[in-house]
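Engineer: What shape does this take:
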Amino acid sequence: MTHGTMGLLGDLCGEAEYLWKRLATVHVALERCNNAGLRRRFSFELKVHIERCQEMKVVVSKLELLGLSQSCQFCLLKELVRRALNESYAFSI
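Structural biologist: Numbers count the residues shown, from 1 in each chain. Below you'll find the predicted structure:
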């Protein structure tokens, strides 16, 4: 994440990118993990991050209604959230 602010959309883009990458990393770790306790932790982390992505999808829909859909940052945010929610790990929990 960044140290400063890039404005609302920029900050949301940074969070969405972090979540997308973290979800992929945790998914790979979960697939390779044999420890039951660690698997539970990874599964919980996936669930929490996916829920946050779903919240962000609602925010994207509301921002779209406000007429921000022409913004490049908005388009990037929408794409990052879409990618995070459409990866195979989003359906594995």
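Engineer: What is the lengthiest helix in the chain packed up against?
Structural biologist: For the chain, the longest helix by residue count, based on DSSP state H, is helix 36-65. Secondary-structure packing of helix 36-65 (3 or more C-beta pairs under 8 Å, 6 or more residues apart in numbering; DSSP states H and E): helix 7-32, helix 72-86. C-beta here means a position set from N, CA and C on the backbone, and glycine is covered the same way.
Engineer: I'd like to know the average pLDDT value across the shortest one.
Structural biologist: Helix 72-86 shows a mean pLDDT of 93.
Engineer: same check, this time on stretch 51-64
Structural biologist: Stretch 51-64 comes out at a mean pLDDT of 94.
Engineer: What separation is there between the residue nearest the centre of the chain and residue 79?
Structural biologist: Computing the C-alpha centroid of the chain and ranking residues by C-alpha atoms, centre = their mean puts residue 19 first, at 3.7 Å. In this view, residue 19 and residue 79 are 13 Å apart by C-beta to C-beta, to the nearest Å.
Engineer: before we move on, what about residue 55?
Structural biologist: 17 Å.
Engineer: So which of those two has more stuff around it?
Structural biologist: Between residue 55 and residue 79, residue 79 has the larger neighbour count (other C-beta atoms under 10 Å), namely 14 against 11.
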